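Undergrad: sequence and predicted structure, then a few things I'm wondering about:
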Amino acid sequence: MDHPIAQAPRKTPPPSIGPYQVRRRLAAGGMGEVVLAWDARLRRPVAIKRIRSDLPLTDERRRRFRREAQAAAHFAHPAIVGVHDIVEDAAGDAIVMEYVEGHSLAAAQRRDGIDVATAVDFARQIAEGLAAAHDRGLVHRDLKAENVMVTPEGHCKILDFGLAKPLRELDSLTREGTVLGTVRTMAPEQAKGTDVDARADLYALCVLLYELLTRRPIFRGANAQETALQVLTRRPPPLRAVRPELPLRLCRLVDGLLEKDRDARPPNAGLVAAELQALADSPEILGLGAAEDADDRLAASDAQTLPHAARALETGNGRQAFGFSAGLRRAARLRPALLAVVLLAVLGWAAQQTVIAATRSTEALPSSSAESSLPRTP
């Protein structure tokens, strides 16, 4: 029987958790809140995660929480956040983790967008971390951009193994028919509530990569049930249809990882990581990254100069108009309505120049005839 442990909800983090001095709250998720704290003994910052203060502490939540610490503490990998300690007190269990400076992958995508080369490299790092976890019999079960931190140096760190499940053990916390995780990124077999293996993580990794490359959610229902139905019954548009300029090899990998039948997906994360590494080193991906960087800089420049260029067209400044018309391809990244205005201005200017040229040609004819009729000087 699962009984809540009596606890008064805390509105703010406590001043200390065990020997760690709490500085401030960093984030709050579905089950846990994370605070930044100071380890005075080793003189280093740490991140501490504990069950959210506004939720009752049930036996099941405490077991799941401890399992996260045990799962992450079993191994160290550059792509997985390390666990330093676990603190148990009357308020509940707290996991003391490596503090990662930076921001979540989801925040990076919302704020800056991520180019193709970087997206492939991030996916490769995450796949390597998953391979290390899978080799030790663990599956994450809730991989998503919100659960990946990106450091200022561009290193990815997987967070929240709170749903990780030993593959070789019967997990008493997850019964058949019970769905744990984030619906949008779930593999179909996980959305059904059936047992999952490492290939569910590969599906979730590919959802993450698909959304980085297309910059839109792979599935979006009005509610969790509708989204789950889409996961089970719909195939997302092929990556090649959304981004036709992407290499065919990358599109085939993504489409294969998104197969509804897990037996049709690549068998393990190590193979996926190796393929992503080969793609990251390929001239096609490297060239796309450089081209996107240049286009982003040009688009930012055009966003500032576009209104001035349109006014130049209206005044008939031929040199500026010619230079600007050569930049229309770059301006296509801007809003279609604004581009339409500029195209109309270009067409108007061209028509105006045609009329002016025709008028000048017509006016020049009488002068030429009159000049030819004058007597020549001997």
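TA: Alright, I've got the coordinates.

Undergrad: what's around the residue nearest to Pro247 when sequence neighbours are not counted, how many residues?
TA: Excluding its sequence neighbours, the residue lying closest to Pro247 (C-beta to C-beta, 6 or more residues apart in numbering) is Glu284, at 4.2 Å. Every residue, glycine included, has its C-beta placed from N, CA and C. Taking other C-beta atoms under 10 Å as the criterion, the count of residues near Glu284 is 16.

Undergrad: tell me, what's the model's pLDDT at Glu284?
TA: The model reports Glu284 with a pLDDT of 86.

Undergrad: how about Ala119?
TA: On the pLDDT scale, Ala119 gets 95.

Undergrad: list the residues that contact the closest residue in space to it that isn't next to it in sequence.
TA: Nearest residue to Ala119, sequence neighbours excluded (C-beta to C-beta, 6+ apart): Leu212, at 4.0 Å. Going by C-beta atoms under 8 Å, 6 or more residues apart in numbering, Leu212 touches Leu105, Gln109, Ile114, Ala119, Phe122, Ala123, Ala145.

Undergrad: could I get the pLDDT score of the second one?
TA: Think Gln109. At Gln109, the model reports a pLDDT of 86.

Undergrad: next one: Glu146 from Ala274, what distance?
TA: 26 Å (C-beta to C-beta, to the nearest Å).

Undergrad: so those two - more neighbours on which side?
TA: Neighbour totals were compared for Glu146 and Ala274, and Glu146 leads with 18 against 14 (other C-beta under 10 Å).

Undergrad: check which helix or strand covers the closest residue to the more buried one other than its chain neighbours.
TA: The spatially closest residue to Glu146, leaving aside those adjacent along the chain, is Ala106, at 4.6 Å (C-beta to C-beta, 6+ apart). Secondary structure assignment for Ala106, by DSSP states H and E: helix 105-111.

Undergrad: returning to what we had before: among the contacts of Leu212, which are in helices?
TA: Leu105, Gln109, Ala119, Phe122, Ala123 (DSSP state H).

Undergrad: what pLDDT does the spatially closest residue to the fourth one that is not a sequence neighbour get?
TA: In space, not counting the residues next to it along the chain, Phe122 is nearest to Cys156; the distance is 5.3 Å by C-beta to C-beta, 6+ apart. Per-residue pLDDT puts Cys156 at 96.

Undergrad: state the distance from Cys156 to Ala187.
TA: Noted for Cys156: a distance of 21 Å to Ala187, by C-beta to C-beta.

Undergrad: and for Pro152, the neighbour number?
TA: Pro152 has 8 nearby residues by other C-beta under 10 Å.

Undergrad: identify the residues contacting it.
TA: For Pro152, the contact set (C-beta under 8 Å, 6+ apart) comprises Glu101, Gly102.

Undergrad: state the distance from it to Glu101.
TA: According to C-beta to C-beta, Pro152 stands 6 Å off from Glu101.

Undergrad: quick one on the thing from earlier: most neighbours out of the contacts of Leu212, which is it?
TA: Counting neighbours by other C-beta under 10 Å, Ala123 leads those with 27 neighbours.

Undergrad: just the strands in this protein please.
TA: Counting by DSSP state E, the chain has these strands, from start to end: 4-5, 16-17, 20-28, 32-39, 44-51, 57-58, 83-89, 92-98, 103-104, 138-139, 148-150, 156-158, 165-166.

Undergrad: would you turn these into JSON lines with distance to Ala132?
TA: Formatted as JSON lines, those follow (distance: least, C-beta to C-beta, whole Å):
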{"stretch": "strand 4-5", "distance to Ala132": "34"}
{"stretch": "strand 16-17", "distance to Ala132": "28"}
{"stretch": "strand 20-28", "distance to Ala132": "24"}
{"stretch": "strand 32-39", "distance to Ala132": "23"}
{"stretch": "strand 44-51", "distance to Ala132": "20"}
{"stretch": "strand 57-58", "distance to Ala132": "31"}
{"stretch": "strand 83-89", "distance to Ala132": "14"}
{"stretch": "strand 92-98", "distance to Ala132": "15"}
{"stretch": "strand 103-104", "distance to Ala132": "21"}
{"stretch": "strand 138-139", "distance to Ala132": "9"}
{"stretch": "strand 148-150", "distance to Ala132": "15"}
{"stretch": "strand 156-158", "distance to Ala132": "10"}
{"stretch": "strand 165-166", "distance to Ala132": "15"}
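
Undergrad: how about those, which one is nearest Leu208?
TA: Shortest distance between Leu208 and the strands of the chain, using C-beta to C-beta, is found for strand 148-150: 7.5 Å.

Undergrad: parallel or antiparallel, which strands does the closest one pair with?
TA: According to DSSP bridges, strand 148-150 has the following sheet partners: strand 103-104 (antiparallel), strand 156-158 (antiparallel).

Undergrad: ok so, going back, can you list contacts of the helix holding Ala106?
TA: Residues from elsewhere that reach helix 105-111 (C-beta under 8 Å, 6+ apart): 103, 114, 122, 144-146, 148-150, 156, 208, 211-212, 215.

Undergrad: farthest-apart pair in those, please.
TA: Greatest spacing in the contacts of helix 105-111, by C-beta to C-beta: Met149 and Arg215 (20.1 Å).

Undergrad: who has more neighbours, these two?
TA: Met149 (22 against 13).

Undergrad: what's across from that one in the sheet?
TA: Going by DSSP bridges, Met149 is paired in beta bridges with Ser104, Lys157.

Undergrad: could I get the contacting residues of it?
TA: Going by C-beta under 8 Å, 6+ apart, Met149 touches Val81, Val100, Gly102, His103, Ser104, Leu105, Cys156, Lys157, Leu159.

Undergrad: and the gap between it and Asp93?
TA: For Met149, the distance to Asp93 (C-beta to C-beta) stands at 22 Å.

Undergrad: go on, Ala79?
TA: For Ala79, the distance to Asp93 - C-beta to C-beta - is 25 Å.

Undergrad: now Leu246
TA: Applying C-beta to C-beta, the value for Leu246 to Asp93 is 45 Å.
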